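> Build me a structure from this.
(3 chains)
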Amino acid sequence: MRRLSQARTGGLLSLVIVIVLLPLALDNIYHYDIVIRIGINAIVCVGLNLFIGYAGQISLGHAGFFALGAYGSAILTGHYSWPAWFALPASAAAVGMIAFVVARPILRLKGHYLAMGTLGMGIIVFIVITQEVALTGGPDGMPVPPLTIAGTEIYSETTWYWIIATVLVATVWLALNIVDSPIGRALRAIHGSEPASSVMGINVARYKAMVFVISAVIASVAGSLFTHYSGFITPSEAGFLHSVELVTMVVLGGMASTFGAVVGAGLLTALPQLLATLRDYEMLVFGAVLMGTMIFMPHGLVPTIAAMFQRWRRK
Amino acid sequence: MSAELLQFIFSGLTAGAIYALVGLGFSIIYNASQVINFAQGEFVMIGGMATVSLLAAGLPMPVAIALAVVATVAVGIALEKLAIEPARGASIVTLIIITIGASIFLRGLAQVVWDRNFHSMPPFTGDTPINIGGASVVPQSLWVLGCTVAIVAALWAFFNRTRFGKAILATSYNSDIARLMGINVRFVLLFSFALAALLGAIAGVLITPIILTNYQVGVLLGLKGFSAAIVGGLGNPMGAIAGGFVVGIAESITAGYVSSDYKDAVAFVIILLVLFFRPQGLFGRRGAERV
Amino acid sequence: MSLLEVDGLTKSFGGLSAIESLAFNVAEGQIHSIIGPNGAGKTTLFNMISGLYSPSAGRIRYSGRDVTGAAPHMLAAAGISRTFQNLQVFFNMSAIENVMVGRHLHENRNLFATLVRLPAIARGNAEARERAADLMSYVGLGAYVRVDPGSMPYGALKRLEIARALAAQPRLLLLDEPAAGLNPRETGEIDQLIQKVKDSGVTVVLVEHDMKLVMNISDRILVLNYGRKLAEGDSDEVRRNPEVVAAYLGAGS
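Have a look, this model is predicted:
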């Protein structure tokens, strides 16, 4: 008990310290941009990790929820002149409803079938966004009005840094609260054995749907923030590759580790930026890194390094 | 039957044959290893792109095709040896990411070896359309259908008539028992990747004269082939073929009568319907879940 | 007073009946054992009583209510808990967390309270942990509280499942081969444990191959053969039943 609660507050505290000190190391807008993108991906991954890492499910379609949130905000603010701070929760609520409706049939599936079902769902979202040109601008994308706080439009990277940082810390806090609770134990039990969970009184279908909806809503909020930050949105945000990137961040950082999800998002968002200097070799190296880490560290970075650290301490 | 409908059915059959070949590749690998190979579409891409570049180098078409197919099979074998075998026993999510990593890697490789442009390839035997019952059909479509039928017949004979083919089927039912019976399970696994790569490469060679090819062409073809495999019941090769044709025809009829904008969505709508209402696939049998 | 009434119960898989027209009653507060050769349908019967399978035909009544085909988590809420023949331990959790999951129905599962971490959640966690630790000592696993189940011996995992099932505070406990794979000393401990559970007022239905254990502690015994009832009675009646003797000798055990 004491160990766990220390890991909770200690981890959260370390995250806050890193976030507060990080601006000292960021000396230009380009650096801020990368860190903000890391933060947005980390928010999605912390939510997705509840679904994949803790509840043991798989989704190859979460980019769809991200894009629905992003386009929801973009359309409501751009076409209908809603204030961004109304458009964001409205989009999140709509995405939550959609996730709730598809949850029952889709979450009966397991393994590869669940992967295929969520993949199909994501691709359908992608195709709808690409085809509904009047509403979404089609394949070319659409411009998005900026976020406003107290009547001022937010363009500055430093302000965005603090907005994203606040949402990230809040998301991590919520995720840690879920994990260390009867609901969190129920999710991990479902991962361990569905029959045993159900005879212990856990309503397996209900908890799977609950965590699916929570992760979808978090993805939607991150999408809304992203769309206002970048000022422009294209259908590729809903693409299969984006869904894969999100899952890979979760698995690379370490499944069932909230801070692992943050680390995974950081590495995988920064990596393409580093690889961009490789130009034509970017995809090649990115693919090789994905394969390599999964082959040699199937449990992900944070758990593998934590295990190494424990072995070293015992010596 | 109206000529228009017949036209749509022919284009559906042509696309369906390609999905069937890709879906077969998924099924064969899944049977041997319980792995879903997300790089299956890249075999199609490599088969097509390699043929295009060997033709450009001045080789006669049959030689270019043969070399392209051999090269793709080599890639399939390398993939199994270097990425799948070292990760045996990993979780489903991990294996999915490894094969997706492989598909990104192969696309990156194609981008470096070739380029990002679209390429075309001449049809095998001219491009004068043939009139069949009022529908005009390009000869390459007949090549696609004829070759697919021949391949399916050959595979059927291989799995049912040869010792090694039966050994592969035995492995897919129970790899432990197959091992006890003296079947080299590791070789079966390697062979299944080679066979899947072969099927993908042939699909790529057959379809490239009809559609254009570039380094990304395998992504959607792969996913639709995966749909075919699921529609037919994952791990059921004959089901994958039927699934391929179901997806292909549904697609072309939707494009013809409903909306060509949503053509690509058809495969995935079918997938969701099948998964929701008949998760064992249209042609699979429901197994009792044991606790 | 019967806590569990089974009537005309049938379960078939693809035309083969694993259980056929089975009827029996379990009286409250007793240890009711079910024995029979492998493949007699004992685990299938447990899967139906706990709601994992729905019967092909027949009725199950629990505490006077018809619960045929009810979902497992509903039956758990009604007071039915169980262990598994082939272990269903949560290997992704620590041993004590496994037992804490057993307390699920008695815990605060309010999503809002969880998200904002009301003090009740932290208090509930501490309490669940404490009670889980007590239960682990109760079943003789006091030494394993901080351990990962992956490094526990088989017999200890069997008892971990019992502790987890008891954490649900059931009225009816289904034990599926708790002594399988145990040495005689450990079997003796399980014997005492089951007696202790019964004395605390829990009705126990026991599936077990260890005849000494069964004859020792059962108030009533049901003998199954090929999914049908072969005999029923107390241990003396069953021991003297010629059909039972024939079936067991015939099966070579």
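> okay, now the closest residue to chain B within the stretch 151-253 of chain C: neighbour count?
Distances between the stretch 151-253 of chain C and chain B by C-beta to the nearest C-beta are smallest at C:Asp176, namely 10.2 Å. Placement of C-beta: from N, CA and C, glycine included. C:Asp176 has 24 neighbouring residues, counting by other C-beta atoms under 10 Å in any protein chain shown.
> In space, what's closest to it - neighbours in sequence excluded?
Take C:Asp176 and drop its neighbours on the chain: the residue closest to it by C-beta to C-beta, 6 or more residues apart in numbering or on different chains is C:Gln85, 4.1 Å away.
> Before we go further, that neighbour is sitting in a helix, right?
No. C:Gln85: not assigned to a helix; according to DSSP: H, G, I helix; E, B strand; the rest coil it is coil.
> Show me the residue at the heart of the chain, geometrically.
Picking chain A for this. Geometric centre of chain A, nearest residue: A:Val44, 1.4 Å, by C-alpha atoms, centre = their mean.
> try again with chain C
C:Leu174 (2.1 Å).
> where in the stretch 151-253 of chain C is pLDDT low?
Where the stretch 151-253 of chain C drops to pLDDT under 70, the residues are C:249-253.
> nearest residue to the residue of the stretch 151-253 of chain C found nearest chain A other than its sequence neighbours?
Closest contact between the stretch 151-253 of chain C and chain A, by C-beta to the nearest C-beta, is at C:Ala168 (6.1 Å). Using C-beta to C-beta, 6+ apart and skipping residues adjacent in sequence, the residue nearest C:Ala168 is C:Ser81, 4.4 Å away.
> residues contacting the residue nearest to B:Ser175 when sequence neighbours are not counted?
Of all residues not flanking B:Ser175 in the chain, B:Val185 sits nearest, at 5.3 Å (C-beta to C-beta, 6+ apart). Each residue near B:Val185 by C-beta atoms under 8 Å, 6 or more residues apart in numbering or on different chains is listed here: B:Thr171, B:Ser175, B:Ala178, B:Arg179.
> who touches the residue located most distally from the centre of chain C in this structure?
The C-alpha centroid of chain C is most remote from C:Val116, which lies 36.4 Å away (C-alpha atoms, centre = their mean). Residues in contact with C:Val116 (C-beta under 8 Å, 6+ apart) are A:Asn177.
> rewinding a little: next SSE downstream of the helix or strand that contains the residue nearest to C:Ala168?
Element membership of C:Ser81 [criterion: DSSP states H and E] is strand C:80-82. Following strand C:80-82 in sequence order, the next helix or strand is helix C:95-102 (DSSP H and E).
> That following helix near chain A anywhere?
Yes. Under the criterion of C-beta under 8 Å from any C-beta of the partner chain, chain A is reached by helix C:95-102 at C:Glu97, C:Met100, C:Val101, C:Gly102.
> neighbours around the second one, how many?
Pointing back at C:Met100 there. If you count neighbours by other C-beta under 10 Å, C:Met100 ends up with 26.
> how much space is there between it and B:Ile46?
For C:Met100, the distance to B:Ile46 equals 52 Å [C-beta to C-beta, to the nearest Å].
> A:His79 contacts A:Thr136, doesn't it?
No. Between A:His79 and A:Thr136 no contact is recorded; they are 9.9 Å apart, counting by C-beta atoms under 8 Å.
> So for these two, which sits in the more crowded spot?
Between A:His79 and A:Thr136, counting by other C-beta under 10 Å, A:Thr136 is the more crowded of the two (23 against 12).
> got a pLDDT number for the more buried one?
According to the prediction, A:Thr136 has pLDDT 93.
> Just say helix, strand or coil for the residue nearest to A:Val167 when sequence neighbours are not counted.
Take A:Val167 and drop its neighbours on the chain: the residue closest to it by C-beta to C-beta, 6+ apart is A:Ile43, 5.9 Å away. Assigned with three-state DSSP, A:Ile43 falls in the helix class.
> Quickly list the domain ranges of chain C.
What automatic domain parsing lists as the domains of chain C is C:1-79+C:170-253, C:93-168.
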